[in-house]
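[1] quick one, what's the 3D model for this:
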Amino acid sequence: MTKDIYYPAYVAALFDRCSTNYRNWSAVSSFGFVRRWRRECVALLPKNHAADTVAVDLMAGTGEVWPHLLKRFPTLGRITAIDISHQMHIDAVNRLHKHNAKRITHIEANALNTDTELPADYADMGLSTFGLKTFDADQQTILTQQIAHILKPGGHFSLIEASDPTGWSLRPVYRLYLDKILPLIERVFLRGANDFSMIGTYTRNFSDCSHMRDALENAGLEVTFKRHFFGCATSASGKKPIAYSADAA
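    Numbers count the residues shown, from 1 in each chain. Below is the predicted model of the structure:
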């Protein structure tokens, strides 16, 4: 079971099922922290970007981070949204972001295969909010290579993920909520569903962004690791050096 949850077909089906409820349920079940953390993720990207900047949103979901991105970068030229879930793309276009449809390009693909969808040095910035945990360690390493591929030299990235706050005194309460209480609430209010509660398994296995940090550095990128709210979320942000060498990846 542990290995199966990282198969692309499993992940795509999981998010296809929960796409309609994803935006509101994730906000409610996290007591609003996911919205705060998305905003903090975008804030880690420097504002000194030129007009017509291109941003790639990896594991884009229904685009919950785009309002924060467009607010911080009002002259942003284009968002390229990559997600493996077909239904997530449909909901993003039809329900949430019609007014910005001309600025958003949707690519239904596995983020681990980004280099087959986008050319090298394509993006000025790349980001991911809460998609990293659906990759195991080997897949995370591949993803860092994809990020290095699509970013322009000097381009920036910011990645944030729900994490397991080891060492925090209230971690047992946090784990109780994710592992026991959240699945119960979901079964009661979402007619027996057991999809959002997978976050407990994913976060436990993921731990935090430290592996991503190390893999990004090994791919030749400059990285800063940060903990958010006692480590309940962690981020890895930084840039692709101007004098980037592909041999680093």
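[2] output stretch 141-148 as PDB - backbone C-alpha positions only.
    Provided in PDB are the C-alpha atoms of stretch 141-148 (Å, rounded to 0.1, in the frame of the first residue of the first chain):
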ATOM      1  CA  THR A 141      15.000  13.800  -6.800                       C
ATOM      2  CA  ILE A 142      13.600  13.600 -10.400                       C
ATOM      3  CA  LEU A 143      11.400  16.600  -9.700                       C
ATOM      4  CA  THR A 144      14.400  18.700  -8.700                       C
ATOM      5  CA  GLN A 145      16.000  17.900 -12.000                       C
ATOM      6  CA  GLN A 146      12.900  18.900 -13.800                       C
ATOM      7  CA  ILE A 147      12.900  22.300 -11.900                       C
ATOM      8  CA  ALA A 148      16.500  22.900 -12.900                       C
END
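[3] in it, what counts as buried?
    Within stretch 141-148, the residues that count as buried by 16 or more other CB atoms under 10 Å are 141, 142, 143, 144, 145, 146, 147, 148. Any C-beta I mention is one placed from the backbone N, CA and C, and that applies to glycine too.
[4] which of the residues you listed lies closest to residue 119?
    Taking CB to CB as the measure, residue 119 lies nearest residue 146 of these, at 12.4 Å.
[5] for that closest one, grab phi and psi.
    phi -70, psi -40 (degrees, to the nearest 10).
[6] look at the nearest residue to it once chain neighbours are set aside and report its pLDDT.
    Nearest non-adjacent residue to residue 146, counting by CB to CB, 6 or more residues apart in numbering: residue 114, 4.2 Å away. Residue 114 is assigned 94 on the pLDDT scale.
[7] wait, which of the buried residues of stretch 141-148 is closest to residue 57?
    After measuring the buried residues of stretch 141-148 against residue 57 - CB to CB - the closest member comes out as residue 147, at 12.0 Å.
[8] which of the buried residues of stretch 141-148 fall in helices?
    141, 142, 143, 144, 145, 146, 147, 148 (DSSP state H).
[9] burial of the residue nearest to residue 146, as a residue count?
    24 (other CB atoms under 10 Å).
[10] so it sits in a strand?
    No. Applying DSSP: H, G, I helix; E, B strand; the rest coil, one finds residue 114 to be helix, outside a strand.
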